[in-house]
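**Student:** Everything below, folded, please.
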Amino acid sequence: MLAVTPRQVRLTVNTAPVLLGRDQVELRLEPPRRWTVLLKPARLARVPQSFHDGYLVCPSCRNRVSLPQRAALTLRCPRCNVLSEVGWDEHYLGESRGVAVPQKD
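**Tutor:** As a prediction, the model looks like this:
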């Protein structure tokens, strides 16, 4: 279930309600076409140790992988084999990403 107000978004995650600030959620009509970058997840209880600094989510199959050693422009998913760009420049990462973002030529 999804409920949106100007200030909040209420989601149902694993049958439990989750309330988020509207500025923390981006609603899209289409799924992302690039790897989603998640840095320093807030809830670490269910996150493997290898993901504590962050991880990437495949736009094709939603597989999660550890952050690469170097910030690659593209990455091939080990599960579905789809090659996609990595969304290092997404607005939600802000200026203090903590990773070296490669420049496109």
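**Student:** For the helix or strand of the chain with the lowest mean pLDDT, give me every contacting residue.
**Tutor:** When each helix and strand of the chain is scored by mean pLDDT, DSSP states H and E, strand 2-4 comes last, with a mean of 84. By CB atoms under 8 Å, 6 or more residues apart in numbering, the residues outside strand 2-4 that reach it are 9-12, 22, 27. Just so you know, the C-beta spots here come from the backbone N, C-alpha and C atoms, and that holds for glycine as well.
**Student:** Can you check the pLDDT for Cys80?
**Tutor:** Note for Cys80: predicted pLDDT of 97.
**Student:** do the same with the one 10 residues further on
**Tutor:** At Glu90 the predicted local confidence, pLDDT, stands at 86.
**Student:** pLDDT weak spots in this structure?
**Tutor:** In the predicted model of the chain, residues 1, 44, 95-105 satisfy pLDDT under 70.
**Student:** May I have the strands that pair with the least confident helix or strand of the chain, each with its orientation?
**Tutor:** Within its sheet, and counting by DSSP bridges, strand 2-4 is paired with strand 8-13 (antiparallel).
**Student:** buried set for the partner strand?
**Tutor:** Val9 (16 or more other CB atoms under 10 Å).
**Student:** Same question for stretch 83-96.
**Tutor:** Across stretch 83-96, burial judged by 16+ other CB under 10 Å covers 84, 86-88, 93.
**Student:** Looking at the residues you listed, which one is closest to Leu67?
**Tutor:** Nearest to Leu67 among the buried residues of stretch 83-96: Val86, at 9.7 Å, using CB to CB.
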